[in-house]
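Student: Fold the following, please.
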Amino acid sequence: MKCRFFNVAAAGAGTEILIRTALLGGAFLCAMAHATPEPDPSYIERLRERYGQRIEFENQAARDAVVSFDINCHSRDGRFLPLVNVFLAKLAAVDSKRSHLTILVESRGGATRVRDRLMSDGRIVDDRVVFEINQWGELRSTNGKAEAVMNACFGSFGPIWKLPASQRK
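Tutor: As a prediction, this is how the structure comes out:
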């Protein structure tokens, strides 16, 4: 399957975008995204209900680091992307009858590591660190896929971004 690329940063409301997102093991997911003026909060709630238990936090510090982390989308409307929403959408994208993803969040000495664990037929197929939040609060992608996260600001994983309270209708 071949994916066409569009400049997602330039996409406006109501614009359809085709995006290629890298997954574990070098596989790619092509998804049609529809940029909307405001995300539907029930979409995230449905993801949380279905996949939230697949995010495993080592301790409260790990939970706090992820739940409080917002990614600045650098857009005119001020939208931001809660990191936990990225995880929920990623879990949904890698869910099938034979395999699924679990996200493990570890906190050590002021830094937080995020591991993706791909399970297939009840066994671990792949386990790797994909993100780190360092002691200065910077999110680092350890697999070079930071652009996939930034694409999520504009709908590549569905309406998972948020608008600041001043921009909401």
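Student: What residues sit buried inside stretch 98-116?
Tutor: Of the residues in stretch 98-116, 100-107, 112-116 count as buried by neighbour count, 16 or more other C-beta atoms under 10 Å. The C-beta positions use only the backbone N, C-alpha and C, and glycine is treated the same way.
Student: ditto for stretch 60-75
Tutor: The neighbour-count check on stretch 60-75 (16+ other C-beta under 10 Å) flags A62, R63, A65, V66, F69, D70, I71, C73 as buried.
Student: And stretch 76-91, by the same measure?
Tutor: For stretch 76-91, by 16+ other C-beta under 10 Å, it's 79-91.
Student: If we only consider these, which is nearest to C153?
Tutor: L81 (5.2 Å; C-beta to C-beta).
Student: That closest one: what's its closest spatial neighbour, skipping adjacent residues?
Tutor: I71 (4.2 Å; C-beta to C-beta, 6 or more residues apart in numbering).
Student: Wasn't M119 part of a strand?
Tutor: Yes: assignment of M119 by DSSP: H, G, I helix; E, B strand; the rest coil places it within a strand.
Student: contacting residues for it?
Tutor: S99, H100, L101, T102, V125 (C-beta atoms under 8 Å, 6 or more residues apart in numbering).
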